[in-house]
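A.B. asks: what's the 3D shape of this:
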Amino acid sequence: MRTIFHIDVNGAFLSWSAVQLLKDGGMLDLRTVPSAVAGDSESRRGIILAKSTSAKKYGIVTGEPKGFALQKCPDLICVPPDFSLYTRNSEEMFCILQHYSDRIEPFSIDEGFLDYTGMEQLFGPPLEGAKKIKEHIKKELGFTVNIGISSNKLLAKMAGELEKPDKILTLYPDELEKKLWPLSVDEMFMVGRRTAPRLRKMGIRTIGDLAKYPVTLLEKEFKSYGRMLNAYANGIDDTPVAHAEAVREVKSIGNSTTIPYDVEKREEAYKILLSLAEMVSMRLREGKVCAREIGVEIKTTDFQVYSHQKKLLNSIDCTNAVYEAAKMIFDEAWKKEPIRHLGIRVAQLCRDECIQLSFLEEDWSKQKQADEAMDILRRKYGRETVVRSTFVGGIDPAFGGGSLKINHLRK
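C.D. replies: The predicted structure follows:
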């Protein structure tokens, strides 16, 4: 039987910010008072990204506007996000994990899986090994983690959610009936806010109900997704944990930005998409990879988020190809609501030497040569060295992301 750990940072963004402030000489630990990580309200990024346990008691939730949170708790201490800090802490944590296994796999910036199978001779039984990892991270990096232990990735992740913070918990197959099945069905991994009400209408209220429900009826309602939900509720998962060499393998590349005003015209959205495509395609070329799939994410002014993806006939890495694909997807997805946030993400990456020309698609080879020439100039002399005429007097050539600036784009 395998032994899998799921390691999850407790309140990652807030915890990492709190630790850094203490390292910088601060006397107050943000984790002990009502506090939150929130963006700049004036630039329309004033959203609660993370909050302390004390802040939860005031009803503050992740994703709500900063102003609403301050109404609930006027004394709420807010600190700005620092994504370079988060990335550094994440990398340092995964470096520590590599001391305990060569089979680790990031699941997000603040959580990942570790295959502990066969490591008992070096670090002791699973509970002892997990304690060593937890204390190693706490002593060296200053923040706490939850570690879930089981025989597969799914149950290890579910174990880590049972109780927080700073806990080591197990959820083996013989513990499902006692620990997992009594939980509400909406606590099951992969059961989202839209799926849970549909399950409850079918009389499925707990994970145990889902585990015992006839698979044929679930498939009738949810197709193959229903079979997967039933398997997960029964603790079935045989996916492997990636080898250490795969930890830094990039699976997708994305760029997004919150816009300082409501975008209501298609042409304005196109200009922002072009700015985002500049950065995404440049990162593709820098990584010497191409993308077979592209997606566009749209967030409206009332915080509704939806996205649309498209698989491509041919792999792409040039700016115009990414931009044209993004425009096509945007046109299919946009519901004409005012837009406050746009993003582009490419996936299904392959090495650029694997590109095959298709008679069904445009030949972007000449455009790629021009892109590569501009990349060289921008790396050597700065990103503003070469700027598209479209952006003159409009989008600052910071190429999207959190630093997007728009100078009188609307006329």
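
A.B. asks: is it fair to say residue 149 lies in a strand?
C.D. replies: Yes. With DSSP: H, G, I helix; E, B strand; the rest coil as the criterion, residue 149 is located in a strand.

A.B. asks: For it, give the beta-bridge partners.
C.D. replies: Per DSSP bridges, the residues bridged to residue 149 are residue 5, residue 170.

A.B. asks: And the pLDDT for it?
C.D. replies: Here, the pLDDT recorded for residue 149 equals 98.

A.B. asks: Repeat that for the one 10 residues further on.
C.D. replies: Confidence at residue 159, expressed as pLDDT, is 98.

A.B. asks: Spatially nearest residue to it (excluding sequence neighbours)?
C.D. replies: residue 148 (3.1 Å; CB to CB, 6 or more residues apart in numbering). For the C-beta atoms, the positions are set from N, CA and C on the backbone; glycine is no exception.

A.B. asks: just residue 69 next, same as before
C.D. replies: Closest to residue 69 by CB to CB, 6+ apart is residue 60, at 4.7 Å.

A.B. asks: does the one you found really touch residue 75, like I thought?
C.D. replies: No. The criterion here is CB atoms under 8 Å, and residue 60 misses it with residue 75 at 11.8 Å.

A.B. asks: Overlap in contacts, the two.
C.D. replies: Residues within reach of residue 60 and of residue 75 at once, by CB atoms under 8 Å, 6 or more residues apart in numbering, are residue 34.

A.B. asks: quick one, which of those two is more surrounded?
C.D. replies: residue 60 (24 against 9; other CB atoms under 10 Å).

A.B. asks: returning to that earlier point: the residue nearest to residue 69: what secondary structure?
C.D. replies: coil.

A.B. asks: list the contacts for the residue lying closest to residue 177 once chain neighbours are set aside?
C.D. replies: Nearest residue to residue 177 in three dimensions, chain neighbours excluded: residue 208, at 7.2 Å (CB to CB, 6+ apart). For residue 208, the contacting residues are 177, 180-182, 233, by CB under 8 Å, 6+ apart.

A.B. asks: same deal with residue 182?
C.D. replies: Residue 182 neighbours (CB under 8 Å, 6+ apart): 206-208.

A.B. asks: Checking it next. Helix, strand or coil?
C.D. replies: Residue 182 - assigned by three-state DSSP - is coil.

A.B. asks: which phi and psi does it have?
C.D. replies: Phi and psi for residue 182, reported as degrees, to the nearest 10, are phi -70, psi -10.

A.B. asks: Give me the distance between it and residue 162.
C.D. replies: 11 Å (CB to CB, to the nearest Å).

A.B. asks: Same check on residue 148?
C.D. replies: Relative to residue 162, and taking CB to CB, residue 148 is found at 8 Å.

A.B. asks: Neighbour count: the two, which is higher?
C.D. replies: Between residue 148 and residue 162, residue 148 has the larger neighbour count (other CB under 10 Å), namely 26 against 16.

A.B. asks: about what we covered before: helix or strand for the residue nearest to residue 177, just tell me which one.
C.D. replies: Assessed by DSSP states H and E, residue 208 sits inside helix 207-212.

A.B. asks: for this protein, longest helix please?
C.D. replies: If you go by DSSP state H, the chain has its longest helix at helix 266-286.

A.B. asks: And the following helix or strand past it, what's buried?
C.D. replies: Using DSSP H and E, the helix or strand that directly follows helix 266-286 along the chain is strand 289-300. Within strand 289-300, the residues that count as buried by 16 or more other CB atoms under 10 Å are 289-300.

A.B. asks: same thing with stretch 108-126?
C.D. replies: Buried residues in stretch 108-126, counted by 16+ other CB under 10 Å: 109-116, 119, 123, 126.

A.B. asks: Could you double-check that the residue nearest to residue 159 lies in contact with residue 8?
C.D. replies: Yes. Applying CB under 8 Å, one finds residue 148 in contact with residue 8, separated by 7.5 Å.

A.B. asks: joint contacts of those two?
C.D. replies: 157, 160.

A.B. asks: returning to what we had before: in strands, which of the buried residues of stretch 108-126 appear?
C.D. replies: Filtering the buried residues of stretch 108-126 for membership in strands, criterion DSSP state E, returns 111-115.

A.B. asks: that older thread, if I look at residue 148 and residue 162, which residues touch both of them?
C.D. replies: The contact lists of residue 148 and residue 162 share 169, 171, where a contact means CB under 8 Å, 6+ apart.

A.B. asks: Quick check: which element contains residue 311?
C.D. replies: strand 305-316.

A.B. asks: Could I get the buried residue list for that strand?
C.D. replies: Buried residues in strand 305-316 (16+ other CB under 10 Å): 308, 312, 314-316.

A.B. asks: Repeat that for stretch 80-90.
C.D. replies: So, applying 16+ other CB under 10 Å, buried residues of stretch 80-90: 81, 86, 89-90.

A.B. asks: Hmm, residue 185 and residue 205 touching each other?
C.D. replies: Yes. Between residue 205 and residue 185 a contact is recorded at 6.0 Å, counting by CB under 8 Å.

A.B. asks: Which of the two has more residues huddled nearby?
C.D. replies: Taking other CB under 10 Å, residue 205 and residue 185 do not tie; residue 185 has more neighbours (22 against 14).

A.B. asks: mind listing what the more buried one touches?
C.D. replies: Here residue 185 is in contact with 191, 196, 199-200, 204-207, 209-210 (criterion: CB under 8 Å, 6+ apart).

A.B. asks: any idea which of those residues is closest to residue 279?
C.D. replies: residue 191 (34.3 Å; CB to CB).

A.B. asks: That closest one falls within a strand, correct?
C.D. replies: No. Under three-state DSSP, residue 191 sits outside any strand and is assigned coil.

A.B. asks: distance of it from residue 99?
C.D. replies: Distance from residue 191 to residue 99, by CB to CB: 35 Å.

A.B. asks: At the geometric centre of the protein, which residue sits there?
C.D. replies: residue 108 (5.7 Å; CA atoms, centre = their mean).

A.B. asks: Which strand residues bridge it?
C.D. replies: Residue 108 has these beta-bridge partners by DSSP bridges: residue 111.

A.B. asks: so what pLDDT did it get?
C.D. replies: 80.

A.B. asks: what about the strands in the stretch 1-150 of the chain?
C.D. replies: 4-9, 35-38, 48-51, 77-79, 104-108, 111-115, 145-150 (DSSP state E, counting those that start in this stretch).
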